[in-house]
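Trainee: sequence and computational prediction follow.
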Amino acid sequence: MEEQEEQVDAKPKDAGWRTTAIIVLALLLLAAIGAWIAVEKFLEPTLVSAIPPTDGQPPDVEDPVPDILDENVITFPLHQQQLTLQPVGEIEIPPLVSIIPVLAIDPQDYTQEEIDAELQRRSAEFDTIVIMVFSSKTYDDLKTVEGKQRALQEILEAVDARMGKGRIVNVFVQEFSLRF
């Protein structure tokens, strides 16, 4: 008789544990689905180019990237940079920017191998240019499309001036986030 009472007591404990586990898993699944929906809806990436649009679009359009890449242009992503920007007003927490710039290079009369060697050799120098340009900016400088384009234009001009082979025709952004 005592054995039956112990078995009866054991079953509800196991059932309670299983029910709790199912509820926790269901809540985790709902949270994951909610996070996925939030990312898809609110954090859509937008491309920004150093070259402003030339087709008469107003500067605050959703996608101002002109289609200038032909089959001869080589793209080369630089390293991701996560930087602290200049403080804004009386805000104590400085804004942060995360960026992965991508160089678009016209190889001119050089081979792919020569361009790749030049880019690899100067990669750290180009990363430093990105760091210096964005570190000198404030949140207000980068919150508009025009501000981002000005920063990318600065990078384009500085990198192109140092490029020994080929010519930088544009700087694209593969990833960009600006936050406090």
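Mentor: In hand now; what should we look at? Residues are numbered from 1 along each chain as shown.

Trainee: ranges for the helices of this protein?
Mentor: For the chain, the helices defined by DSSP state H occupy 2-42, 112-135, 139-142, 145-162.

Trainee: tell me the mean pLDDT for the first one?
Mentor: Per-residue pLDDT values across helix 2-42 average out to 68.

Trainee: about what we covered before: can you list the helices of the chain in TSV and add mean neighbour count and distance to residue 93?
Mentor: Any C-beta I mention is one placed from the backbone N, CA and C, and that applies to glycine too. As requested, the helices of the chain are exported to TSV (neighbours: other C-beta atoms under 10 Å; distance: least, C-beta to C-beta, whole Å):
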stretch	mean neighbour count	distance to residue 93
helix 2-42	9	22
helix 112-135	15	16
helix 139-142	18	11
helix 145-162	18	20
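
Trainee: out of those, the one nearest residue 92 is which?
Mentor: For residue 92, the closest of the helices of the chain is helix 139-142, at 13.3 Å, according to C-beta to C-beta.

Trainee: quickly list the domain ranges of this structure.
Mentor: 1-44, 74-179 (automatic domain parsing).

Trainee: and the ones you listed, which one is worst for confidence?
Mentor: Among the domains of the chain, domain 1-44 scores lowest, at a mean of 67.

Trainee: show residues contacting stretch 81-99.
Mentor: By C-beta atoms under 8 Å, 6 or more residues apart in numbering, the residues outside stretch 81-99 that reach it are 80, 100-101, 127, 130-131, 134-142, 173, 175-180.
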